[in-house]
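**Q** What follows is a predicted protein model with its sequence.
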Amino acid sequence: MPELPDVEFFKEYFKDNSLHKKIINIECEDKTLIKNVDFRDFKKSLIRKSFRDAWRIGKFLIAEIKGISENLIIHFGMTGSLHYVKQGEERKRRDRFTRLCFRFANGYELRWINIRRLGKIYLTKPQNIKLIEEMGPEPLQLSQQEFLRLLTNHELKNIKAFLMDQRNIAGIGNVYSDEILFQARINPHRKIEDLTQRQKKILFQKIYQVLTEATKILTFYRAFPKSWLEPHRHTNDLICPRNKNHKLKRETIAGRSAIFCPLCQT
DNA sequence: GGTAATGTTAGACT
DNA sequence: TAGTCTAACATTAC
């Protein structure tokens, strides 16, 4: 789940339910997922404190803790999410994969769920995390001019690989790179140097549109439109949303499982 | 039981 | 140097 729109959603979720509540206990099912600090110190630093604010950098969620200068920094990996719920209640199946849990004085708790354990938790300042330090610009704050310049710095690179590389642009992963390229009608095999100026400008627009629209959809707990590619990843119908006579193709591109329409995307 | 899965990274290779 | 490819991490769902 967690690419920019998903983490944006988790950030709002976190702000809505976990700010300004006294942390009375912290439980951790797998201490190896906490980086930069051992669990005893992690716990000591956070107990009796509260979260004051939260924001997002790329796919990272950053929380400010009242009274200390380090931040709680969460990366969700491939299978992470948050769940705020009454202490001890199992409401969703995935609650079983809670790896870290903040208990608040009000009887509720915030669970960090991480099925495949590929996520990470830090207690440090964002600039101490290499990937954050090297992170490219936020796509929603990027001008067309800056975007075009970024592309010219990587002419030889494959476009899907470029979009997914956090050092170029923050927050885009496998699912949204496929969606953006589908909507921009660009074949994920293309190299940047082979794109026309027009395609590059459309790509810029679609990055903005897809990410903002997806964030809105998640916020309202809606499904993605049928005209999007996304609903078709999870089915085997392989029907192109733009033309039912076109067949979608699945292929490994840039090391990830891509889905695209070879006829619409050129 | 085999396979694929929304991420990142190190190291080998071209 | 720059980009690509593969494996590794770890575990579930179909």
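**A** Yep, it's here. Owing to the predicted nature of the structure, the values given are computational and were not obtained by experimental measurement. Residues are numbered from 1 along each chain as shown, chains lettered A, B, ... in the order given.
**Q** and the residue in chain A that DNA strand B sits nearest to, how many residues sit next to it?
**A** Residue nearest to DNA strand B within chain A: A:Gly173 (1.9 Å; C-beta to the nearest atom of the strand). (Each C-beta comes from the backbone N, C-alpha and C, glycine too.) Close neighbours of A:Gly173, defined as other C-beta atoms under 10 Å, add up to 19.
**Q** go on, A:Asn243?
**A** 11.
**Q** quick one, phi/psi of it?
**A** phi -160, psi 110 (degrees, to the nearest 10).
**Q** contacting residues for it?
**A** Shown in contact with A:Asn243 (C-beta atoms under 8 Å, 6 or more residues apart in numbering): A:Cys261, A:Leu263, A:Cys264.
**Q** so what's the first one closest to, chain neighbours aside?
**A** This points to A:Cys261. A:Cys240 (4.2 Å; C-beta to C-beta, 6 or more residues apart in numbering).
**Q** For the stretch 151-266 of chain A, which segments are assigned as helices?
**A** For the stretch 151-266 of chain A, the helices defined by DSSP state H, counting those that start in this stretch cover A:159-164, A:174-183, A:197-219, A:230-233.
**Q** Up against DNA strand C, what does the stretch 51-200 of chain A have?
**A** A:93-94, A:97, A:115-118, A:154-158, A:161, A:191 (C-beta under 7 Å from any atom of the strand).
**Q** Show me which of those residues are buried.
**A** Neighbour-count burial (16 or more other C-beta atoms under 10 Å) is assigned, among those, to A:Arg94, A:Phe97, A:Ile115, A:Arg117, A:His154, A:Lys157, A:Asn158, A:Ala161.
**Q** Backbone torsions only: list them for the residue nearest to the residue of chain A closest to DNA strand B when sequence neighbours are not counted.
**A** Nearest residue to A:Gly173, sequence neighbours excluded (C-beta to C-beta, 6+ apart): A:Glu3, at 4.0 Å. With angles defined as degrees, to the nearest 10, A:Glu3 sits at phi -120, psi -170.
**Q** so who does A:Glu3 touch?
**A** A:Lys59, A:Gly171, A:Ile172, A:Gly173, A:Asn174, A:Val175, A:Tyr176.
**Q** I'd say the fourth one and A:Lys59 touch.
**A** This points to A:Gly173. Yes - under the criterion of C-beta atoms under 8 Å, A:Gly173 makes contact with A:Lys59 at 7.2 Å.
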